[in-house]
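Engineer: can't give you the sequence, but here's the structure:
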């Protein structure tokens with residue numbers, strides 16, 4: 001695929017993905033989904049999924065709830081995949097460049113949400129005046145701003161990013177690039193740690209130990225570990241259902257026993 005067409009498609013992907021995330025969500029905005037599409041565009045799906053998987057692990061436990069702004073890991077994934085394909089940079093460099101771009105969009109996100117607040121009031125004003133054509137026209141500004149949130153940093157990456165990264169790779173020493181690679185491999189631990197913080201780890205610590213053993217000592221692929229986890233989840237769920245039914249049966253039996261005692265007392269009287 002020609003570079004120009006790739007550049008156009010990657011810009012469209014970055015702009016559309018954030019809109020899709022705000023609307024009906026066909027593509028979704030997970031790093032692994034946008035990373036797969038970006039890998040197909042750039043023609044290197046294995047490398048793209050490695051980068052996307054790293055960002056996916058980093059994003060675990062992080063969510064923009066209640067209108068909060070969080071790092072844009074989807075855009076960071078697209079940036080990392082694009083630069084890796086254009087410059088041949090490794091995982092560490094892709095993460096080291098993509099992550100700051102994702103962090104930068106936090107500021108853009110806050111600004112756009114503030115601007116959309118005024119846009120919503122303007123559209124509401126037109127609705128009260130029954131000027132519905134103007135209302136519809138004003139409402140298009142919001143999505144366009146969200147598209148620009150990704151389009152602006154992405155077009156800078158497309159136009160000057162690859163050459164800038166190539167210059168940096170030629171200048172920076174090998175020990176620093178090695179350090180970036182090590183850091184890129186360690187960062188997913190942060191996402192896993194955040195996710196585990198909200199999970200009942202103390203209650204199911206035995207599952208964590210099993211997963212660690214089969215992954216670290218038995219060299220089982222991630223998909224195999226996931227199947228074992230699914231099986232354990234099914235068994236745990238069935239046991240919980242069984243315990244719930246037993247407790248319910250005991251409670252009903254207790255109610256019947258109390259009712260019988262009360263009837264016996266009435267008869268004795």
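Structural biologist: Looks like it arrived, so ask away. Because the structure is predicted, anything quoted here is derived from the model rather than measured.

Engineer: In this protein, which residue is most central in space?
Structural biologist: By CA atoms, centre = their mean, the mean C-alpha position of the chain lies nearest to residue 30, the distance being 4.3 Å.

Engineer: and the residue nearest to residue 122 when sequence neighbours are not counted, what helix or strand is that in?
Structural biologist: Nearest non-adjacent residue to residue 122, counting by CB to CB, 6 or more residues apart in numbering: residue 138, 5.3 Å away. Placement of C-beta: from N, CA and C, glycine included. Using DSSP states H and E, residue 138 maps to helix 132-139.

Engineer: Using neighbour counts, pick out the buried residues of the helix or strand just after that helix.
Structural biologist: Next in sequence after helix 132-139, counting helices and strands by DSSP H and E, comes helix 141-171. Residues 142, 145-147, 149-151, 153-155, 157-158, 161-162, 165, 168 are the ones in helix 141-171 that count as buried (16 or more other CB atoms under 10 Å).

Engineer: low pLDDT regions in this structure?
Structural biologist: 1, 61-69, 164-172, 176-188, 190-191, 256-269 (pLDDT under 70).

Engineer: how about the helices in it?
Structural biologist: Per DSSP state H, the chain carries helices over the ranges 3-22, 31-42, 45-59, 73-87, 91-128, 132-139, 141-171, 174-186, 188-197, 205-216, 222-268.

Engineer: Name the stretch among the ones you listed that sits most buried.
Structural biologist: Most buried of the helices of the chain by mean neighbour count (mean count of other CB atoms under 10 Å) is helix 73-87; its value is a mean of 28.

Engineer: what angle separates that helix from helix 31-42?
Structural biologist: 30 degrees (axes from the mean of the first three to the mean of the last three CA atoms, to 10 degrees).

Engineer: tell me which strands and helices helix 73-87 is in contact with?
Structural biologist: With contacts defined as 3 or more CB pairs under 8 Å, 6 or more residues apart in numbering; DSSP states H and E, the packing partners of helix 73-87 are helix 3-22, helix 31-42, helix 45-59, helix 91-128, helix 141-171.

Engineer: Give the other helices and strands that the fourth one contacts.
Structural biologist: Same thing as helix 91-128. Using 3+ CB pairs under 8 Å, 6+ apart: helix 91-128 touches helix 45-59, helix 73-87, helix 132-139, helix 141-171, helix 174-186.

Engineer: Using TSV, lay out the ones you listed together with distance to residue 26.
Structural biologist: Converted to TSV, the helices and strands packed on helix 91-128 look like this (distance: least, CB to CB, whole Å):
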stretch	distance to residue 26
helix 45-59	18
helix 73-87	14
helix 132-139	20
helix 141-171	15
helix 174-186	30
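
Engineer: Out of the buried residues of helix 141-171, which is nearest to residue 242?
Structural biologist: Distance to residue 242 across the buried residues of helix 141-171 (CB to CB) is lowest for residue 146, with 47.8 Å.

Engineer: neighbouring contacts of the helix holding residue 138?
Structural biologist: 119, 122-123, 126-127 (CB atoms under 8 Å, 6 or more residues apart in numbering).

Engineer: For residue 71, which of the helices and strands packed on helix 73-87 is the nearest?
Structural biologist: So among the helices and strands packed on helix 73-87, helix 91-128 is nearest, using CB to CB, at 4.5 Å.

Engineer: angle of the closest one against helix 31-42?
Structural biologist: Using the same axes, to 10 degrees: helix 91-128 against helix 31-42 is 100 degrees.

Engineer: For helix 91-128, what is the distance to the chain centroid?
Structural biologist: 16 Å (CA atoms, centre = their mean, to the nearest Å).

Engineer: Stretch 223-232 now?
Structural biologist: 21 Å.

Engineer: What of stretch 78-97?
Structural biologist: In terms of CA atoms, centre = their mean, the centre of stretch 78-97 is set 19 Å apart from its chain centre.

Engineer: Quick check: which of the helices and strands packed on helix 91-128 is nearest to residue 5?
Structural biologist: Ranking these by proximity to residue 5 (CB to CB) places helix 141-171 first, at 12.2 Å.

Engineer: That closest one packs against which elements?
Structural biologist: The contact analysis (3+ CB pairs under 8 Å, 6+ apart) places helix 141-171 against helix 3-22, helix 73-87, helix 91-128.
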